[in-house]
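K.L.:
Below: sequence and its predicted model.
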Amino acid sequence: MAAPVAGGCLCGAVRFSFPEEPIARRACWCRDCQYLSAGNASVNVIFRKAGFACTGEVAGYDSTADSGNAMRRSFCPKCGTPLFSESSARTDVMVVRAGALDDPELGRPEGFIWTASAPRWGHVDSSLANCEGQPVPPRK
């Protein structure tokens, strides 16, 4: 994969890019992500925020995550596409919803988190790294 990594919303009103490759990729089964992903795990790609660029209007929703961290979830106010999440615990990184990336292949999870919250029918790949709750932050 060659940097930069770009993406945007369904209607094209929001475009974004990161100058470097992601530092982690994972699917999250926390209850908040289930709401954001129509009942499934959300597939997330984590980037360092340095060099992040975004054009277009982005709306946000602030809440407290299952981890206890303050979260800001951003989306396109025109089409509703979920775009990013930012945590008060990790202000140097941004979580990007894999569906918003131009190249969906970048979203292939390296592991699953909050697996204890997954419904019985939820897919968790046991051959990958898994965590029942909040994982240790990526260190790449």
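P.N.:
Okay, I see it.
K.L.:
From now on I want contacts and neighbour counts done on CA atoms only, so please keep to that.
P.N.:
Noted.
K.L.:
Residue 37: neighbour count?
P.N.:
Around residue 37 there are 16 other residues, counting by other CA atoms under 10 Å.
K.L.:
Return the distance of it relative to residue 47.
P.N.:
Relative to residue 47, residue 37 is positioned 20 Å away (criterion: CA to CA, to the nearest Å).
K.L.:
same question, residue 18
P.N.:
Distance, residue 18 to residue 47, by CA to CA: 7 Å.
K.L.:
Nearest residue to the residue nearest to the spatial centre of the chain in space, ignoring adjacent ones along the chain?
P.N.:
Most central in the chain under CA atoms, centre = their mean is residue 44, positioned 3.2 Å from the mean C-alpha point. Nearest in space to residue 44, with sequence neighbours left out and distances taken as CA to CA, 6 or more residues apart in numbering, is residue 97 at 4.8 Å.
K.L.:
My read is that residue 40 contacts residue 30, right?
P.N.:
No. Taking contacts as CA atoms under 8 Å, residue 40 lies outside contact range of residue 30: 9.7 Å.
K.L.:
Compare the two (neighbour count), which wins?
P.N.:
Neighbour comparison, residue 40 and residue 30: the larger count goes to residue 30, with 23 against 20 (by other CA under 10 Å).
K.L.:
quick one: contacts for the more buried one?
P.N.:
Taking CA atoms under 8 Å, 6 or more residues apart in numbering, we find residue 30 in contact with 41, 66, 113, 114, 115, 117, 118, 133.
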